[in-house]
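Chemist: any chance you can model this:
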Amino acid sequence: MSEHNIKTIEMYNSGGALEYIQQQNEINPETEKWERLFNYVEEQLAKDKKKRIIEFGSGCGQLAIMLQSAGYDITATDTVDDFLKEQKRIGINQVKKYNFLLDDYNNIFDFKADLIVSWRNPHLDMDDMQRLFDVAYNALTDNGLLIINFQNADVHPNANLLPNGTKYDYKILEDKKTKEKRFFAYFSKEDIEYLRKDLFEINEYHNEGGKEQKNWHVLTLRKTKK
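Modeler: Sure, this is the predicted structure:
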C-alpha cells in the first residue's frame with residue numbers, strides 16, 4: 001500500500017471520516033449523484049437481484065443502503081472504523097472491515113462476488129490500483145463485473161508524476177475543516193488499458209462530472225478468462 005494511501009487513511013482516522021459523514025448527512029448529501037450511481041448499477045446488473053455484490057470502500061454507505069433497500073445482496077466494506085460504524089448505524093446488514101490492498105480476500109469472504117463496486121477511490125496510485133484489479137479479478141465469479149471510476153488525467157494536464165507513472169496532486173480542500181493535503185491520482189485511457197489487460201474487457205464506458213462532464217472515467221468491466 002502506497003505512502004499516499006496510508007496518509008489518506010490516517011487523515012480519515014484522525015477526524016476526516018467524521019467530517020465527511022457529517023457533510024453527507026447534514027450539509028451536502030449528494031442525493032442525485034448516489035441515485036444516478038444506483039440506477040447505473042441496476043442497469044449493468046439488468047436488475048438481477050440474485051447477484052451478490054461487494055463494495056470496496058463504502059464510506060458512509062449511501063450506495064449500499066440503496067441497493068439493500070431495493071432487495072440486492074450487498075456487503076459494504078471499509079478500513080476506517082468511523083465509516084464502518086456509520087454503515088451499521090444506517091442499517092446495512094452486511095458490513096466487513098476489509099482493506100483490499102492488505103487483507104487476504106479469502107480470510108474475509110467465503111464466496112465470490114458477481115459484482116464488485118469501487119467508487120470514488122481517488123487516493124490509489126498506479127500500484128495500488130493494479131492491486132485492486134488483481135484482487136477484484138480473483139474475487140469475482142466467471143464473467144463477474146467490476147464497476148469503477150477514475151479521475152480523468154486529461155482534465156489535469158499540469159499534474160505531477162510519480163516514478164511509477166501515476167499522475168497526481170496534493171490538494172487542500174477549502175470546503176473541509178480538515179486542512180491536511182489530500183492525495184488525488186489521475187488516470188488516462190491508456191492507463192486504464194494497461195490496468196485491465198488480460199483481466200477485464202470493457203462492458204460500458206462513459207465520462208461524467210464537472211462542467212464539461214469529463215472529470216471522471218466510469219467503467220463497467222467484465223472478467224475475462226486468462
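
Chemist: from Tyr105, how far out is His206?
Modeler: Separation of His206 from Tyr105 (Cβ to Cβ, to the nearest Å) stands at 29 Å. For glycine as for every other residue, the C-beta is placed from the backbone atoms N, C-alpha and C.

Chemist: now stretch 137-153: mean pLDDT?
Modeler: Model confidence over stretch 137-153 averages 98 on the pLDDT scale.

Chemist: would you mark the buried spots in that stretch?
Modeler: Of all the residues in stretch 137-153, those buried under the rule 16 or more other Cβ atoms under 10 Å are 137, 139-140, 144-153.

Chemist: still on that earlier bit, with neighbour numbers in mind, choose between His206 and Tyr105.
Modeler: Tyr105 (15 against 11; other Cβ atoms under 10 Å).

Chemist: residues touching that one, list them.
Modeler: The neighbourhood of Tyr105, defined by Cβ atoms under 8 Å, 6 or more residues apart in numbering, consists of Tyr98, Val135, Asn138, Ala139.

Chemist: at 10 Å instead, please
Modeler: Under the criterion of Cβ atoms under 10 Å, 6 or more residues apart in numbering, the contact list for Tyr105 reads Ile54, Tyr98, Lys112, Ala113, Val135, Ala136, Asn138, Ala139.

Chemist: ok, now Gln44?
Modeler: Lys51, Leu115, Val117, Leu145, Ile147, Asn203, Glu204, Thr220, Arg222.

Chemist: any idea of the mean pLDDT in stretch 101-116?
Modeler: This predicted structure assigns stretch 101-116 an average pLDDT of 98.

Chemist: mind checking the end-to-end distance for that stretch?
Modeler: Start to finish, the residues bounding stretch 101-116 are 15 Å apart (Cα to Cα, to the nearest Å).

Chemist: same check, this time on stretch 118-125
Modeler: Stretch 118-125 has an end-to-end distance of 14 Å (Cα to Cα).

Chemist: scan this protein for its longest strand.
Modeler: With DSSP state E applied, the strand covering the greatest number of residues in the chain is identified as strand 140-151.
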